[in-house]
Each structure stands twice: as structure tokens, then as C-alpha cells.
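Visitor: Predicted structure and sequence below. I'll ask about it afterward.
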Amino acid sequence: MKKLEEVYKRLQESKKRRRDISKMYKDELSQSARYQEIVDEMAKLREEKKSIENEIKSSSRDYKELDDIKIDIQTDQELLSDIALSMYVEKEQIEIIDEYENKWYPMFKVTFKKE
């Protein structure tokens, strides 16, 4: 258990150092007049791009279907994960073979959350 806490502490220190360096970098960038001009120009272009996209979306019937498909994909991915986890708990073999005969195996990830 000690080793887990040592690695966690080292990870937190590295993240803090990364934040500090990023903050210094952003401060230096904010002092550059040319950089600020480019950032402002990019913001204007982003707004123009977004308005063109919204115009196209509102005139397209397929866009509504795209939203529905996106939700279906998310739901199926969650279902796939739930089934794979259930199979893992029951000690069953977990693999998917696609149409090209490629074998896919699950990859589990552990994350920590503060109480």
C-alpha cells in the first residue's frame, strides 16, 4: 500500500510542476503583442466558422439523424463495456472478431476519484 501512495504523491508533484510551467508559459505568451493579435483574429475566424456551420446544419435534414446516430453509438459503447465487464467477472473469454478477422480484446483502466 505504501508504494501506491508514493507513486500517487510523485504523480501529484509532477502535475503541480506541469501546471506551474504552463502558467509561466502562458504569462510569457500574453505579453507578446503579436500573439494577442493572432489570438483575436483566430477568435473572429472561429465565430465566422461557427455561424457558417450552424447555417448549414439548420438547412440539412441529415444533421438531426447524425445526432441520433451519435447517441446510439454512445449507448452501444456503454452496453458493450457492461457486457464485457460481466463476462470478465464470470471468467468467460472476452474477444470480438470483426469482419476483417481482426481480434479485439478489452482493455481495462483504473482511475481514482476523491470522496
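Guide: Sure thing, it's come through. What you see is a predicted model; the values in this text were computed from it and never measured.
Visitor: and Arg46, how far is that from Asp82?
Guide: 38 Å (C-beta to C-beta, to the nearest Å). C-betas here are computed from N, CA, C, even on glycine.
Visitor: meant to ask about Val110, not that
Guide: Distance, Val110 to Asp82, by C-beta to C-beta: 17 Å.
Visitor: So for these two, which sits in the more crowded spot?
Guide: A direct count of neighbours by other C-beta atoms under 10 Å for Val110 and Asp82 places Asp82 higher, at 10 against 4.
Visitor: What distance do you get for Glu101 to Glu37?
Guide: Plainly put, Glu101 is 54 Å away from Glu37 if you go by C-beta to C-beta.
Visitor: between the two, who's got more neighbours?
Guide: The neighbour comparison of Glu101 against Glu37 (other C-beta under 10 Å) goes to Glu37, with 10 against 6.
Visitor: for stretch 101-115, the distance to its chain's centre please.
Guide: The offset between the C-alpha centroid of stretch 101-115 and the centroid of the whole chain comes to 14 Å, using C-alpha atoms, centre = their mean, to the nearest Å.
Visitor: what about the residue positioned nearest the centre of the chain, helix or strand, and which?
Guide: For the chain, the residue sitting closest to the mean C-alpha position, by C-alpha atoms, centre = their mean, is Gln74 at 13.3 Å. Under the assignment given by DSSP states H and E, the secondary-structure element containing Gln74 is helix 62-89.
Visitor: What mean pLDDT does that helix get?
Guide: Per-region confidence: helix 62-89 scores 92 on mean pLDDT.
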